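In: can't give you the sequence, but here's the structure:
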C-alpha cells in the first residue's frame, strides 16, 4: 500500500512538468520554419546561378520540409507568415527611425 501511494504521489508531481516540457512542439515547428526559410534562400541562389539540377533537388527537399511542418504543426504556417511580415515591418521602421534620429549619419 505504501509503494502504491509513493508511486501515485510521484506521478502526480511529475505530470505537470512533462506537460510543460514541450508545449505543442513549438521548438520543432520553429526549427522546421527556419529550415524552410533557409532552403527557400538556397533555391533563389540556384535560380540566380542557373543551376537547374540544384534547384530541383532543393525544391524536393523544401516540399518534404513543408509536408513535415503541415503534419507536425497544424495551423503553424498561417500565424508564422503574419508574424514574419510584422517582423519585417518592425525592422524597416527601426531602420527608418535610426536614420531619422541620427540625421542620416547611420
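Out: Arrived safely, thanks for sending. Predicted model, so just to flag it, every value in this text is computed and none were measured.

In: So which elements touch the helix of greatest length in the chain?
Out: When the chain is parsed with DSSP state H, its longest helix is helix 76-101. Contacts defined by 3 or more CB pairs under 8 Å, 6 or more residues apart in numbering; DSSP states H and E place helix 76-101 against helix 26-49, helix 52-72. (Glycine included, C-beta is placed from N, CA and C.)

In: contacting residues around the residue nearest the centre of the chain?
Out: Closest residue to the average C-alpha location of the chain: residue 30 at 2.1 Å, with CA atoms, centre = their mean. Residue 30 makes contact with no residue under the criterion CB atoms under 8 Å, 6 or more residues apart in numbering.

In: now it: how far from residue 63?
Out: 19 Å (CB to CB, to the nearest Å).

In: so for the longest helix of the chain, what's the average pLDDT?
Out: The pLDDT scores in helix 76-101 average 81.

In: Now do it against helix 52-72, angle only.
Out: 110 degrees (axes from the mean of the first three to the mean of the last three CA atoms, to 10 degrees).

In: what's the neighbour count on residue 76?
Out: Residues within reach of residue 76, counting by other CB atoms under 10 Å, total 19.

In: My read is that it contacts residue 28, right?
Out: No. Applying CB atoms under 8 Å, one finds residue 76 not in contact with residue 28, separated by 9.8 Å.

In: Residue 91 and residue 29: what is the separation?
Out: Taken as CB to CB, the span from residue 91 to residue 29 is 22 Å.

In: more crowded one of the two?
Out: residue 29 (19 against 10).

In: nearest spatial neighbour of the more buried one, skipping sequence neighbours?
Out: residue 73 (3.9 Å; CB to CB, 6 or more residues apart in numbering).

In: Alright, that wraps it up for me.
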